[in-house]
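Chemist: Fold the following for me, if possible:
(chains A and B)
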Amino acid sequence: MTHPPVPFDPEIEAALAEIVSPDAPPFTPETIPGMRAAMAAMFPPAAEQVGDAPVLVTEWKVPGPEGAPDLEITVLAPRDVEGPVPCLYNIHGGGMMVGHRNMDVGRLLALVVELGVVAVNVEYRLAPEHPHPAPVEDCYAGLVWTVEHAAELGIDPARVVVMGGSAGGGLSAGVALLARDRGGPALAGQLLLCPMIDDTNTTVASHQYSNLGTWTRETNLAGWQSLLGDDYGTDAVSPYAAPTRATDLSGLPPAFIEVGSAETFRDEDTQYALRIWETGGQAELHVWSGAFHGFDMYVPEWHVSKIAIETRTSWLRRVLGLAAG
Amino acid sequence: MSADRYPPVPYDPELEAGLAAFLDMVERIPLRADTILANRAHFDTIVPPVGQIVGDRPVEVEERTVPGPPGAPDVELTIIRPRGGVVDAPALYGIHGGGMVLGNRYFGIDGLIADVLRFNAVAVSVEYRLAPEHPAPAAVEDCYAGLVWLSEHAEELGVDRDRIVVTGASAGGGLSAGVSLLARDRGGPALAGQMLMCPMLDDRNESVSSRQYDGRGAWDRNNNDTAWNAILGPLRGTDEASPYQVPARMADLSGLPPAYVDVGAAEIFRDEATEYATRIWATGGQAELHVWSGGYHAFAGFSPDAVVSRAAEAVRLSWLRRTLRVP
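Modeler: Predicted coordinates for the structure are as follows:
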């Protein structure tokens, strides 16, 4: 059965041609190290990106999960704001295989300045060298540390939102499930941006974007195979790795789910919202017309990127009890 | 007890007051088969005369009577234009709500007037026959006849016929989806978009959200049952129900104009609206979907000052600007 894709908005199609090189190599254990290095080189350290903005940057090494290495964490705190303030606990994307927390500094800096919140940005171990549960356990350990050190960081522990894009959205959903099931930190919300949450690759959207767009079906398969190793394609896949596998989505913090209508994750993300609502849980869902995966990062000047960011900020104000902007 | 099996998504606390006001004003009389006429009379008392709605805003209001569907009575249209008229302007074809059993074309016209001034656009609001006196497909055929007239008289009205969006809330959202299907299947006007706000799309009334809002909230499951029984009569729940008045029953959702679908997370139509968007995407069609946290049915109109309502309005205007190609 063929699935014609939902078209990309004509205004961003030209940009897509520049983002996606037809000669880009596939993700393999051989190519991944080079991709990581190239991405790291694109994003300088947080202090450099923050520059003159009224934000204090501190770098931390904090305990990882039991028996695992320490975690690197960057904290961005607004200067001249009296604590305690809400916290955004951020998890970067990169298909579970690549990426670095410095990729998200721009997004976080804007939120710290606009909302007067603290951002905590965690580095986690990547697959395939570190398959599940290393990434999600690292992220969870960093969250627990953050909440335990709330006073030191100037954070209100009752107002912590986990957030992330793509793999970071999937890991945020996984961390929210872990926090629920282990009686861990009580989260004020989970902000899931085009989250990668379904390892089965069976939705219509996952077929529509085969060899098409910024995050293709093929790349997604590589990500899940890297993360899951021998569990890939079996019923043994953990819901903390692939949150759509969770049979019970009740009792979760309010969710914000955002995705493009023209991307691989559209249907799994929509389904996740539906399943939360079914339980009586709170979720807000935004599916933006003609948007490809990661649109707000790739084409920030596009008017849809701007309204999408405004909409996120509105939701953050609502769940964090911040005055309307 | 359904409340135990289907715990509802809670309301945004900031919306509770608006919901209470909605229920007190609009749903004072529970809507049942034997209260439809009483509700209709009550509804007419809460919609002020059009002159009062317009106030001193600089628009021209024109009433027109145009041909209805073949063999059916004429259709009344209210046309709103910026004072002094326009040339090659975008148009909003508005279809009012009220479960297809209540309401008139002045219900919701306040928002159309605001959009006319905001976008220098023309708005046309259509009167259509209501159930149960006029079962399906009377309503959607009336709405379609008015749309065809608008398209054929575009130049006279100062309208760019390539920039017509059909729009409506609740029953008006369902009928907007229905006229989009008719326009596709009859080779009618090429619409620039369909704006479906908390749309009433599915007579089956069996989704999880329809059960979560059974005896609870604005336009609850019982109201919805009453309306669909009136609209479809003995055809309700059968494959004979017209897919043009029950768009969720249309098997093929390909080839439609770009859709905007918005709905509250805490209302009856949440699941059918989400499902409709999902089915459009599956065909490769374009749709934008917004499901607002804790929103009751038609929350943005009745609680306009809430943070969530202001965000919803900003997003609605963003889609209209993109779709109508206006600044």
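
Chemist: how far away is residue A:321 from chain B?
Modeler: Residue A:321 sits 10 Å away from chain B, going by CB to the nearest CB, to the nearest Å. For every residue, glycine as well, the C-beta is placed using N, CA and C.

Chemist: which stretches of the stretch 1-150 of chain A have low pLDDT?
Modeler: Counting by pLDDT under 70, the stretch 1-150 of chain A shows low-confidence ranges at A:1.

Chemist: What parts of it come near chain B?
Modeler: Selection of the stretch 1-150 of chain A residues close to chain B by CB under 8 Å from any CB of the partner chain yields A:3, A:4, A:5, A:6, A:7.

Chemist: Quick check: of these, which lies closest to chain B?
Modeler: Closest approach to chain B among these (CB to the nearest CB): residue A:4, at 3.4 Å.

Chemist: tell me the secondary structure for the closest residue to that closest one other than its chain neighbours?
Modeler: Among residues not flanking residue A:4 along the chain, residue B:284 sits closest, at 3.4 Å (CB to CB, 6 or more residues apart in numbering or on different chains). Following DSSP: H, G, I helix; E, B strand; the rest coil, we place residue B:284 in the coil state.

Chemist: wait, what's in contact with residue B:284?
Modeler: The contact partners of residue B:284, by CB atoms under 8 Å, 6 or more residues apart in numbering or on different chains, come to A:3, A:4, A:5, A:6, A:7, A:208, B:254.

Chemist: Need the contact partners of stretch B:142-151.
Modeler: Contacts for stretch B:142-151 (CB under 8 Å, 6+ apart): B:66-69, B:72, B:75, B:77, B:91, B:93, B:95, B:124, B:126-129, B:157, B:159, B:161, B:164, B:166, B:175-176, B:178-179, B:182-183, B:188-189.

Chemist: between the contacts of residue B:284, which is closest to residue A:145?
Modeler: Comparing the contacts of residue B:284 against residue A:145 with CB to CB places residue A:208 closest, at 40.1 Å.

Chemist: Would you state the secondary structure element containing the nearest residue to the closest one once chain neighbours are set aside?
Modeler: Leaving aside its chain neighbours, residue A:208 sits nearest to residue A:5 (4.0 Å; criterion: CB to CB, 6+ apart). Following DSSP states H and E, one finds residue A:5 outside all helices and strands.

Chemist: now residue A:164
Modeler: For residue A:164, the host element (DSSP H and E) is strand A:155-165.

Chemist: tell me what that strand is packed against?
Modeler: strand A:85-91, helix A:134-148, helix A:167-181, strand A:189-193, helix A:303-320 (3 or more CB pairs under 8 Å, 6 or more residues apart in numbering or on different chains; DSSP states H and E).

Chemist: Could you find the closest non-adjacent residue to the residue of the stretch 101-250 of chain A found nearest chain B?
Modeler: Scanning the stretch 101-250 of chain A for proximity to chain B using CB to the nearest CB identifies residue A:204 as nearest, at 4.6 Å. Nearest residue to residue A:204 in three dimensions, chain neighbours excluded: residue B:282, at 4.6 Å (CB to CB, 6+ apart).

Chemist: for residue B:170, same thing?
Modeler: residue B:97 (3.5 Å).

Chemist: in terms of contact, does the one you found touch residue B:111 like I think?
Modeler: No: judged on CB atoms under 8 Å, residue B:97 makes no contact with residue B:111 at a distance of 11.2 Å.

Chemist: Run through the helices of the chain in chain order.
Modeler: Unless you meant another one, I'm taking chain A. Here chain A has its helices, by DSSP state H, at A:10-19, A:32-42, A:46-50, A:105-115, A:134-148, A:150-153, A:167-181, A:204-208, A:217-228, A:266-278, A:295-298, A:303-320.

Chemist: hm, I was asking about chain B
Modeler: B:2-5, B:16-26, B:36-46, B:50-54, B:109-119, B:138-152, B:154-157, B:171-185, B:208-212, B:221-232, B:270-282, B:299-302, B:307-324.

Chemist: Can you name every helix or strand that the third one contacts?
Modeler: To tie it back to what came earlier, the one meant is helix B:36-46. By 3+ CB pairs under 8 Å, 6+ apart, helix B:36-46 packs against helix B:16-26.

Chemist: Please pull out the lowest mean pLDDT helix or strand from chain B.
Modeler: helix B:2-5 (a mean of 62; mean pLDDT, DSSP states H and E).

Chemist: Return the most buried member of the helices of chain B.
Modeler: With neighbours taken as mean count of other CB atoms under 10 Å in any protein chain shown, the helices of chain B reach their highest mean count in helix B:171-185, at a mean of 27.

Chemist: and it with helix B:270-282, angle?
Modeler: Helix B:171-185 runs at 20 degrees relative to helix B:270-282, counting by axes from the mean of the first three to the mean of the last three CA atoms, to 10 degrees.

Chemist: other SSEs contacting helix B:171-185?
Modeler: Where contact means 3+ CB pairs under 8 Å, 6+ apart, helix B:171-185 is packed against strand B:89-95, helix B:138-152, strand B:159-169, strand B:193-197.

Chemist: Format these as JSON lines; extra columns: mean pLDDT.
Modeler: Below are these laid out as JSON lines (pLDDT from 0 to 100):
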{"stretch": "strand B:89-95", "mean pLDDT": "98"}
{"stretch": "helix B:138-152", "mean pLDDT": "98"}
{"stretch": "strand B:159-169", "mean pLDDT": "98"}
{"stretch": "strand B:193-197", "mean pLDDT": "98"}
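
Chemist: since we're on residue A:212, how many residues are nearby?
Modeler: Residues lying near residue A:212 (other CB atoms under 10 Å in any protein chain shown) number 18.

Chemist: Not counting sequence-adjacent ones, nearest residue to it?
Modeler: Nearest to residue A:212 is residue A:5, by CB to CB, 6+ apart, at 5.9 Å.
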